[in-house]
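Enquirer: any chance you can model this:
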Amino acid sequence: MHHAVTFSYTTAFWTWEDWELELDWAALRGVNLILAWVGYEKVLLDSLREIGMTDEEILPFFSGPAFQAWNRLGNIQGSWGGHSVSIAWIEAQFELQKKIVSRIVELGMKPVLPAFPGFVPPAIKRVRPHATVVNGSQWSGFQKKFTEVSFLSPLDRTFAELQKSVISRQMRAFGNITHVYTLDQFNEINPASGELGYLRNLSLHTWQSLKAVNPAAVWMMQGWLFYDKKDFWDSNRISAYLSGVERNDDMLILDLYSESKPQWQRTKSYFGKPWIWCQLHDFGGNMGMYGQIMNITSDPIEALNKSDSLVGFGLTMEGQEGNEIVYDLLLDQAWSAKPIDTRAYFRSWVRSRYSGNFSVPNELYTAWDLLRETVYNNTNLTTYSVTKSILEISPDIAGLVGRVGHYPTPTSINYDPRILNEVWSLFMNATRKEPSLWHNPAYEYDMVDITRQLMGNAFVNIYSDLISSWKSKTENRTAKVTSQSERLLDLLSAIDKVLSCNKNFSLTTWISSARDWGNTTESKDFFEYNARNQITLWGPTGEISDYASKAWAGLISSYYKPRWSIFGDYLGEKNQTSYNETELKAQLHRFEMSWQGQSREPGISWANSSCRGLEVVLRNVSQSWPSIFADHVPDGGNLLEKDSESYHEEHSKLLDTADPRSHSCPTLQGFFVLCYRFEEIQHSLFKSILNWLPLSLKVYFHHFVMTRRVALPLEIVLLVVEKLDLPTLCSLLKALPDFVPLLSTVHFSIRDESGNCILHILAAEGEHELLWQVLRCKAALPDAKNKDMDTTLSLAVSRGNLLAIEALLNRLDVDTNFTNDLGRTLLHLAALNDHVSVIEMLINWTGVDINGQDDRGQTAVSLAAEHGQERAVAFLVMKADTNVRDVWQQLPLHLASRRGHPNIVRILLEQKHVEINMLDDRRMTPLCCAAYNGNPFTIELLIAQDDVDIYLGTYDNRSPLSLAVESGNCTTVKLLLNRMRQQNPTVTGEVDHQFSVELNRRDIWGRTPLFTATEQGHEDMVGLLVSLPEVDVNASTIRYGQGTALASAAKNGRENIVQLLLSRPDIDIGALDIHRRTPLDLATLEGHKSIALKLQRFPLDPDSEV
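Expert: As a prediction, this is how the structure comes out:
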């Protein structure tokens, strides 16, 4: 899941809270492989520093957050706008990546980490003057200084050096958590040569560089280049490039645009390489309702039946801006062997999306079924992806309406626009049956989105009328143009007003998120410039202008509307004879450039700036634009009983003129009439009126009760409070804590969409004083659980809210023996989140069992050790038993060693009686775990212990040395070798003998460390082992045809390793395998001509170049 450029279009300014939601969403939908590309700049920065480059040479190479994806893909370099990224931002992004990767693993998914593709700052030639570096081609019209990115040839030894550094640094930081790496070298740029041998060598050496660091590495690449540059990438060139990866399973290709432009057929299923059927769907984060539900339910099944190398289905949209239904649909289709019944699926999806404590109105099912049959069932594949409204495109007299293809972004409407009128009406009518929908976040989002699309479609008609008026030759032409232009601008204002009612459609959200990442005024302004530029000019001077435009409140009013105003004024001044396109574009460009450098003043927001509530705004907008909303303007309906019709008529007139900002508005006067005449009205009728007046209730509370301007009978207050949603109820209690004693069981039963009650919200937000008061209510149930099975206390513990925890612990009836669905106690939760003060409080107050185990047998210290929570471990070890095993017989020391947490390993080793040689259920010691992880700092700590057994191996007879060799980390192997040499034997010569035995130790498959290093393609490791005279270079495996390391290298085409092995004078080039084949026979049989020739000439001239 995720496209490479999603990290700029959607997630560029995300916080950890945003990523938490994203990862939860993915895990809940069965995603098991997810791109984790945040923080790559930190890894590359440190790797380039390592070879001698300075920060002054490196930092100007990086692009800003909104453009970093294309910097990583080799399309652009540097930043425009006067600044560049800072070290502080790079470090912060890497810290964020640590959290992201940890959560991905915790949720059972596999992260895809970045490998080094070859793109480097041009100044690399200073430190590596002989390196083979070529300039890439120009991209999308950018100036040379921002493109033609330097590409380090994979055939150059510096490439392998940087690859090793990039991957090793991530393994040290995150642990050995994945073998899948993303690496794209020719995204929308062509190789320097189309010669087949050249293309194969590029991929061969790239693949070998990956395998040299991680023997199990899988190279994941996007297949976009084969579509985008199809004139270059013919079948032969594709085959040559892919053939460099000699093991099919070592590559994974994303057929990026499968729903519209699949490439798997013409590439013969990528010539046998594993591939994933992907839905791209959205370019640039465009905002339009669009889908191809027929294709995404039937085409994957066709591919599954026709391709033997299809291994999965994925989402690769460039931006995530709505249309969630089509993404959910594909991820569910992935689990079905036949096309999903979309009618039944949509109905189930609607029920899940909106249902709460009510039955979903039939109008919503009907509306979504209409969308299913039309808007989301595009079969006109001249329009390949999400469309946008022309209001977002730079004004012109032609070329805007009905665009198809995928770039420039399509604007065609592939359904009868009147369908959306019907859908909009059904959505409005649904609230008459269920008024609480107005407080449902999903409904509010969808209502705004549908209105946006409906009004955006209508913009085309007004634009067409404007152009027709301009082209007319009537006397009143100028007056007509002026009138139509004003109407067009009024419509933009109306759309902006609707969008301002939801933060997901606001420019404020985007810019605020950008500025929040800055730690100085300069950096905040730079990030804001980045954010503004991407969604408008997309480049220093508009190289890809409007590609990533957005229908957002604030962007419409401050950018699109002024552009259309300039356009309308120009048409009013010029007729067809005097019209000058260059002159008009220059005027527009001056405005567009000036907008880039503006900065949002503190406190100014485009979200909810004029929104009085979506219900009121939609009513007013629809009444103001009958030509758009036709006969679907809401009239209020007949909602009360017949005997209350006069009451309804009298007060509905007052409600229509309500102003929430005024304490004397007619709405409230009418409502108070009802309240003070409560005794004259039946309870059932009064409740019905409350259902009909959700807006008035909120106005009433926020502007009267909370300011104590009006006193009402207590019975009325209680009835009204029962009708509030949870956020409004919490807001009321915070403003007027005097209401707390009035709370009853009914109030504690009010839940939000996550199942939280009042207590959950107050505990999570740290509202401890109010929580103290609420807990005194007899009706309060502190042990009530939400949908995640969290109690109020467990939620407060997880969030680390000490005072809230104290308030809860003072309730004698609170359950301190809580366990969640994993059997984890409150102490586990505190340790997992590194809340030391909470741990101390729980131990002192509750007498919790500090060595209590969860369902996996993990104690609190074990869980903290596994997840790198250093402070928690340091506190817990003072009292906890660090030798408690989990169900896999692992100690905390095993887990910290396996995950590569050296500081925690150090803390654990300082404890008395630590069982450093304990075996888990796979017979792995902590040293084995550390060796397999490849973290040299952890290895160093463990082997420094006098009583560590450096020879104790696993169930399959792999010693720490064997495991370190397999991980491909020469540093850890050298550490182990030095430690082995330092043993102090009592018998002369014992060390040499033991050392020799260990160097040639065989696992249960008969592999020696040298054979393993050769098989995995670790050239540096082979070189290290061959340099040791104790290593038997002629040892043959018991299995694998009884071949030697030389036979393996010759068979698999590892020429450099063959050369290393031939450097040993005792090498036996005539060793026979079980089939009586020599290494020369195997090289000849596999077609490795240069290796065969080298073996034929040996030992006459083993160093000769072939």
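Enquirer: identify, by residue count, the longest helix of this structure.
Expert: Assignment by DSSP state H gives helix 441-471 as the longest helix of the chain.
Enquirer: what's the first helix or strand after that helix?
Expert: Using DSSP states H and E, the helix or strand that follows helix 441-471 in sequence is helix 477-499.
Enquirer: returning to what we had before: buried ones in the longest helix of the chain?
Expert: By 16 or more other C-beta atoms under 10 Å, the buried positions in helix 441-471 come out as 442-460, 462-463, 465-467, 469-470. Using the backbone N, CA and C atoms, a C-beta is placed for each residue, glycine as well.
Enquirer: which other helices and strands contact it?
Expert: helix 342-354, helix 418-433, helix 477-499, helix 561-573, helix 614-624, helix 626-629 (3 or more C-beta pairs under 8 Å, 6 or more residues apart in numbering; DSSP states H and E).
Enquirer: okay, the fourth one in PDB with CA atoms only?
Expert: Backbone C-alpha positions of helix 561-573 (Å, rounded to 0.1, in the frame of the first residue of the first chain) are rendered in PDB as follows:
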ATOM      1  CA  LYS A 561     -11.700  33.200  -7.200                       C
ATOM      2  CA  PRO A 562      -9.200  36.000  -7.800                       C
ATOM      3  CA  ARG A 563      -8.000  34.200 -11.000                       C
ATOM      4  CA  TRP A 564     -11.500  34.000 -12.300                       C
ATOM      5  CA  SER A 565     -12.100  37.600 -11.400                       C
ATOM      6  CA  ILE A 566      -9.000  38.600 -13.500                       C
ATOM      7  CA  PHE A 567     -10.300  36.500 -16.300                       C
ATOM      8  CA  GLY A 568     -13.800  38.000 -16.200                       C
ATOM      9  CA  ASP A 569     -12.500  41.500 -16.100                       C
ATOM     10  CA  TYR A 570     -10.200  40.800 -19.000                       C
ATOM     11  CA  LEU A 571     -13.100  39.400 -21.100                       C
ATOM     12  CA  GLY A 572     -15.200  42.400 -20.200                       C
ATOM     13  CA  GLU A 573     -12.500  44.700 -21.600                       C
END
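Enquirer: show me where the stretch 51-200 of the chain has helices.
Expert: For the stretch 51-200 of the chain, the helices defined by DSSP state H, counting those that start in this stretch occupy 55-58, 68-72, 87-106, 124-127, 157-174, 196-213.
Enquirer: for the stretch 851-1000 of the chain, same thing?
Expert: With DSSP H, counting those that start in this stretch as the criterion, the stretch 851-1000 of the chain has helices spanning 860-866, 870-876, 892-899, 902-909, 926-933, 936-943, 960-967, 970-981, 990-999.
Enquirer: buried residues in the fourth one?
Expert: Taking 16+ other C-beta under 10 Å as the basis for neighbour counts, the residues of helix 902-909 that come out buried are 902, 904, 905, 906, 907, 908, 909.
Enquirer: which one of these sits closest to residue 940?
Expert: residue 902 (8.0 Å; C-beta to C-beta).
Enquirer: all strands of this protein, in order?
Expert: 33-35, 110-114, 119-120, 133-135, 150-152, 180-182, 218-222, 251-255, 275-279, 310-315 (DSSP state E).
Enquirer: hey, least reliable of the ones you listed by pLDDT?
Expert: The weakest mean pLDDT among these belongs to strand 133-135, with a mean of 93.
Enquirer: any weak-confidence spans in the stretch 301-450 of the chain?
Expert: Applying pLDDT under 70 to the stretch 301-450 of the chain picks out no residues at all.
Enquirer: where does the prediction get shaky in the chain?
Expert: Looking at the chain by pLDDT under 70, you get 600-612, 630-725, 728, 732, 735-736, 738, 812, 983-992, 1038-1042, 1100-1106.
Enquirer: could I get the full set of helices for the stretch 251-400 of the chain?
Expert: 268-271, 293-306, 324-333, 342-354, 362-373.
Enquirer: could the ones you listed be laid out in JSON lines, adding distance to residue 774?
Expert: Output for these, formatted as JSON lines (distance: least, C-beta to C-beta, whole Å):
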{"stretch": "helix 268-271", "distance to residue 774": "60"}
{"stretch": "helix 293-306", "distance to residue 774": "47"}
{"stretch": "helix 324-333", "distance to residue 774": "35"}
{"stretch": "helix 342-354", "distance to residue 774": "29"}
{"stretch": "helix 362-373", "distance to residue 774": "35"}
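Enquirer: alright, calling it a day.
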